[in-house]
Structures are given as structure tokens and as C-alpha cells.
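[1] what would the 3D arrangement of this be:
(one chain, ligands or ions: 1)
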Amino acid sequence: MIKNENLQKELSRLDQKHFIHPTSNMKQLQEDGPAFIFTEGDGIYLKDIEGRILIDSLSSLWNVNIGHGRADVAEVAKEQMMKLAFTSTFSNWSHEPIIRLAEEITKWTPADLNVTFFTSGGSEANDTAFKTVRHYWQVNGRPEKKKIISRKKSYHGVAMGSTSATGIPEFHTFTTSIAPDFHYVDSTIEALEAKIEQEGAETIAAFISEPVQGSGGVNIPEEDYFKQVRALCDKHDILIISDEVICGYGRTGTNFGMENFGIVPDIITMAKGVTSGYAPLGGMIISEKMHEELYEKTDGIFWHGYTYSGHPTAAAVAMKNLDIIKEENLIDNVNKMGAHMLKGFEWIKEQNDNVIDVRGIGLLGGISLERAEGAEAMTPKIVAEALKRGLICRSVVYGGQDTLAFAPPFIINEQQMDDIISIVNDSIQAVSK
Ligand SMILES: Cc1ncc(COP(=O)(O)O)c(C=O)c1O
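    Numbers count the residues shown, from 1 in each chain. Have a look, this model is predicted:
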């Protein structure tokens, strides 16, 4: 134990001195050091250097969907690395893992969304989509169609374009010179209609939205919202990009999240769940028709590519991850456990007057607490209480809300879900006293 304590102290000190944490409070890290130094993962559990076993109720960053510690995925990564860890796919080079994965993805996507450009993650996927839609309109003789509309409270990543599309103001004020031609709307069809009217449809390239907003607080859209969006965008020749970085590959109980809302987008962007976090990978999926237009109407050059666009090891890992989701019927479990989670949330609401809303779709859920204007949020304290009881969960306080967000691994069972529910309930009550 002493050895571990010394190691923990050493690592904390080095972390503070040499490591910048993504989306973090630098001052707090200097004061307190990292809250966890994780050492192992197994299923829904994470273990840290202090030996604490903690339930990972957000699948880390909504991504470790098949759960931690899968040796079968590690084996595949090892095998691929031994054979061919990396080679480029720039220009006309290729390799089997990426070809197989691109084909596999077509079995998950709707309609003819059958052609994928790969990235290392979701931010790059969205930036790729913004450039591609603008290129598409150029190719079609309408270069003035370049504006991107997104929704308030949306999260699309932190590359220049994806930061600019993100509808959470904190991400804009962090830096200066946000990219031009990005606009945000409230989540009503009237707001989108008004924005199109104001900007002029002839200047708008695409509308981007998560099917269910994740980081913005697990916001499930109104029943017909996306159908109305589809009709409006069709009327004005505006492409729809569905940001499926969280929702894709089963999180909401369907292959892709937009299926729940009855529309087919023009482009899907994805990351996270495609590998369950076992390797960094993302991508943009376009239709066969758009693909054809891009190479037939121009000299065919796609002036866009990342070193890791089509990483063989990441591709092999993704393939194995998707196999596991299918073979173990994990999407069925998402639906079963999702229903159980929601029942639990409703029970929590009955127990606690300050819980004003609970919601869930598949294994994506939120619990919102009452928060008077200007009042301090409760959920950060609830998160601290939950931690004492062995649960890691996430608080969302943007835009005056006070929400707990949940996205447990797809392999969760009923007993484990009950543990989460009971810890959350106890933690809310401990703070509400
Ligand atoms: C909906 C959505 N889009 C995009 C991203 C950005 O992905 P990445 O962090 O892999 O760049 C995220 C990350 O949380 C996300 O939730």
C-alpha cells in the first residue's frame, strides 16, 4: 500500500507538471491533482491506483460500449499490429482491414449511406463533413451555399469547424476567431425556419444535429422535430448531417440514433462506439449518390486526409467491436436495460421532489433537477456523493440546467443497473437534506 501511495503521489506530481487534461479545470488540477489515476477496467467497472472499484456509468466518454477489459479485442489489435500496424491509405494505397470495415459499416447504415471517409475521432469527422458539404455544393455550381446551422446545446467537438458548430457558448469564448459561417438555432422547427429565412437558403450548405444531444444534457427531441427538419431542408436544398458520434452503433437501441426519429440524413458522422474506445477511430459516411457526384463532376481529387484516415489496427479493432455487438445481441440488451434504467429513473423522480425530469432512450439517459435562476447547481455535489458510494457519473450544468447524464456500457445487467439507481437516489437524498 505504501508503495502504491508513493506511486500515486509521484504520478500526481508529474501529471500536474507535464500533462494538460482535455476539457479540464487547470487551476483545480494544480490544487488537487487528478481525481483518479485508473489502472484497470473490467466490464462496467474501473479500478484506480488507490484500489477503488468504481462503476463507470458513462462508459467513460459515452464510448466504451462493449465494456472494459475485453481480451478478445486486445488479441485482434495485437494480431493486426504484428502483421501490419500501420500503413497509409493516402492517394491510391489500401489494405484489407479498412476495406472490410468500410463494407461492414454499410450493414449498419440506412439507405445508400455506404461510403466512408475515416478519421481518428468525432471532431475530425465533423470537420470533414463541413468541408465535404461545401465542396459538394461547389461541385454542383453553388459555391455560395456554405453556411452550417447547428442547434444550441449541441456538442460537435473541438477542431476549428466542430468547435464553431458546437452550440455551447463556453467552447467559443475559450478562444478567439471562431470559424465564420456557423449559426445556431433553438431546437424548434420555427427557429430553424426563421434562421433559413434570415440567412437565405441559397447560402446554407447543411444543418448538423445529434439525434439526441449528449454533452448538452441528454436532450431527446420532440416527436416530429426531425421529420419537420427533413421536410424543411429538402425544400431548401440543405443537407442534413447526423452527428452519431454518441448515438451510433446501438447506444439508443437502434443502429444509428436518427432511426428513432424516422428520417435518413444525407451524411452520418461517427466515432466513439465504432471501436468502443479500444482504438481511436471516427468517420464520415456519405451516400453512394453523393460519392458518385463528387468524382464524376470534378477532376475527382479529394483534397482532405489525415495521417490516420484508415488506420489498419483501429480498423481491425472496430471490426471486432462491431462483431461483438452483433454476436452478443448487445443492442437487444441496450433496449432491455434501457427500459429498466428509465423505470429506475422514474422511481427516483417519485422519491425526490427536486427531480423535475427524467428521460432515456436506449442506454442514454438524463435526470434533471430543479435549479432556480442564478442558483448553484446540485449535480456536482451529487456526483461527489455518488463517488463515495462507488459510482462515477457526469453532471451537466451548461445553460442553467442541473442534469445527471448516463450512458452505461451495453453489457450491463439488471443487478448492476439497480446498483446505479440506488446509489444515484441515495446521493440525491444526501445532498438534498
Ligand atoms: C456528439 C459528438 N460529436 C462529436 C464529438 C467529438 O468527438 P471527439 O472527441 O472524438 O473528437 C463528441 C465527443 O464527445 C460528441 O459527443
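[2] alpha carbons only for contacts and neighbour counts from here, please
    Fine.
[3] what residues does the chain have near the ligand?
    Residues of the chain that fall close to the ligand, judged by C-alpha under 6 Å from any ligand atom: Gly121, Gly122, Ser123, Tyr155, His156, Gly157, Glu210, Gly214, Asp243, Val245, Ile246.
[4] and the residues you listed as TSV, adding distance to Arg134, secondary structure and neighbour count?
    Below are those laid out as TSV (distance: C-alpha to C-alpha, whole Å; DSSP: H, G, I helix; E, B strand; the rest coil; neighbours: other C-alpha atoms under 10 Å):
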residue	distance to Arg134	secondary structure	neighbour count
Gly121	21	coil	22
Gly122	19	helix	27
Ser123	17	helix	25
Tyr155	21	coil	26
His156	17	coil	31
Gly157	19	coil	21
Glu210	20	coil	26
Gly214	26	coil	25
Asp243	17	strand	31
Val245	21	coil	32
Ile246	24	coil	30
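[5] tabulate those residues (a markdown table), appending pLDDT and distance to Ile149.
    Below are the residues of the chain next to the ligand laid out as a markdown table (pLDDT from 0 to 100; distance: C-alpha to C-alpha, whole Å):
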| residue | pLDDT | distance to Ile149 |
| --- | --- | --- |
| Gly121 | 98 | 21 |
| Gly122 | 98 | 18 |
| Ser123 | 98 | 16 |
| Tyr155 | 97 | 13 |
| His156 | 98 | 12 |
| Gly157 | 97 | 15 |
| Glu210 | 98 | 12 |
| Gly214 | 97 | 18 |
| Asp243 | 98 | 13 |
| Val245 | 98 | 18 |
| Ile246 | 98 | 19 |
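[6] would you confirm that Ile367 belongs to a strand?
    Yes - Ile367: assigned to a strand according to DSSP: H, G, I helix; E, B strand; the rest coil.
[7] any idea how far the spatially most central residue of the chain lies from Tyr225?
    The centre of the chain sits closest to Ile246, judged by C-alpha atoms, centre = their mean, with a distance of 2.9 Å. Ile246 is 19 Å from Tyr225, where distance means C-alpha to C-alpha, to the nearest Å.
[8] now swap in Thr313 and tell me
    From Thr313 to Tyr225 the distance is 39 Å (C-alpha to C-alpha).
[9] when those two are compared, which one has more neighbours?
    Neighbour count, other C-alpha atoms under 10 Å: between Thr313 and Tyr225, Thr313 has more, with 26 against 13.
[10] list the contacts of that one.
    Residues near Thr313 by C-alpha atoms under 8 Å, 6 or more residues apart in numbering: Ala77, Gln80, Met81, Leu84, Ala85, Phe86, Pro97, Ala279.
[11] what is the nearest of these to the ligand?
    Nearest to the ligand out of the contacts of Thr313 is Ala279 (C-alpha to the nearest ligand atom; 11.0 Å).
[12] how near is that closest one to Asn329?
    22 Å.
[13] so between the two, which is more surrounded?
    Remark: of Ala279 and Asn329, Ala279 carries more neighbours, 21 against 13, as counted by other C-alpha under 10 Å.
[14] how about the strands in the stretch 1-150 of the chain?
    Under the criterion DSSP state E, counting those that start in this stretch, the stretch 1-150 of the chain carries strands at the ranges 38-42, 45-48, 53-56, 113-119, 147-151.
[15] and those strands as a markdown table, adding mean pLDDT?
    Putting those into a markdown table (pLDDT from 0 to 100) gives the following:
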| stretch | mean pLDDT |
| --- | --- |
| strand 38-42 | 98 |
| strand 45-48 | 98 |
| strand 53-56 | 98 |
| strand 113-119 | 98 |
| strand 147-151 | 98 |
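[16] possible to save these as TSV with mean neighbour count?
    Formatted as TSV, the strands of the stretch 1-150 of the chain follow (neighbours: other C-alpha atoms under 10 Å):
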stretch	mean neighbour count
strand 38-42	14
strand 45-48	20
strand 53-56	23
strand 113-119	23
strand 147-151	25
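[17] in CSV, list the ones you listed along with distance to Val229.
    Formatted as CSV, the strands of the stretch 1-150 of the chain follow (distance: least, C-alpha to C-alpha, whole Å):
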stretch, distance to Val229
strand 38-42, 41
strand 45-48, 39
strand 53-56, 35
strand 113-119, 19
strand 147-151, 12
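[18] out of those, which gets nearest to Asp299?
    Asp299 lies closest to strand 113-119 among the strands of the stretch 1-150 of the chain, at 18.3 Å (C-alpha to C-alpha).
[19] which strands and helices lie in contact with the closest one?
    helix 96-106, strand 282-287, helix 288-296 (3 or more C-alpha pairs under 8 Å, 6 or more residues apart in numbering; DSSP states H and E).
[20] can you report phi and psi for Ile246?
    Main-chain torsions, Ile246, degrees, to the nearest 10: phi -90, psi -50.
[21] quick one, what contacts it?
    Trp62, Asn63, Gly214, Met270, Ala271, Lys272, Gly273.
[22] adding distance to Leu29, write these out as JSON lines.
    Formatted as JSON lines, the contacts of Ile246 follow (distance: C-alpha to C-alpha, whole Å):
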{"residue": "Trp62", "distance to Leu29": "23"}
{"residue": "Asn63", "distance to Leu29": "24"}
{"residue": "Gly214", "distance to Leu29": "25"}
{"residue": "Met270", "distance to Leu29": "31"}
{"residue": "Ala271", "distance to Leu29": "28"}
{"residue": "Lys272", "distance to Leu29": "26"}
{"residue": "Gly273", "distance to Leu29": "29"}
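[23] just the buried ones from those residues?
    Trp62, Asn63, Gly214, Met270, Ala271, Lys272, Gly273 (16 or more other C-alpha atoms under 10 Å).
[24] out of those residues, name the ones that lie in helices.
    In helices, defined here by DSSP state H, the members of the buried ones among the contacts of Ile246 are Trp62.
[25] which of the buried ones among the contacts of Ile246 lies closest to Met290?
    Taking the buried ones among the contacts of Ile246 together and measuring to Met290 by C-alpha to C-alpha, the closest member is Met270, at 17.7 Å.
[26] beta-bridge partners for the closest one, please?
    Taking DSSP bridges as the rule, Met270 bridges to Gly283.
[27] hmm, it is touching Gly250, no?
    No - in this structure, Met270 is not within contact of Gly250 by C-alpha atoms under 8 Å, at 11.9 Å.
[28] quick one: average pLDDT of the lengthiest helix in the chain?
    Using DSSP H to define each element, the chain has its longest helix at helix 330-351. The average of the pLDDT scores along helix 330-351 is 98.
[29] so whatever helix or strand comes next after it versus helix 330-351, what angle?
    Tracing the chain past helix 330-351, the next element assigned as helix or strand by DSSP states H and E is strand 355-361. If you take axes from the mean of the first three to the mean of the last three C-alpha atoms, to 10 degrees, strand 355-361 sits at 170 degrees to helix 330-351.
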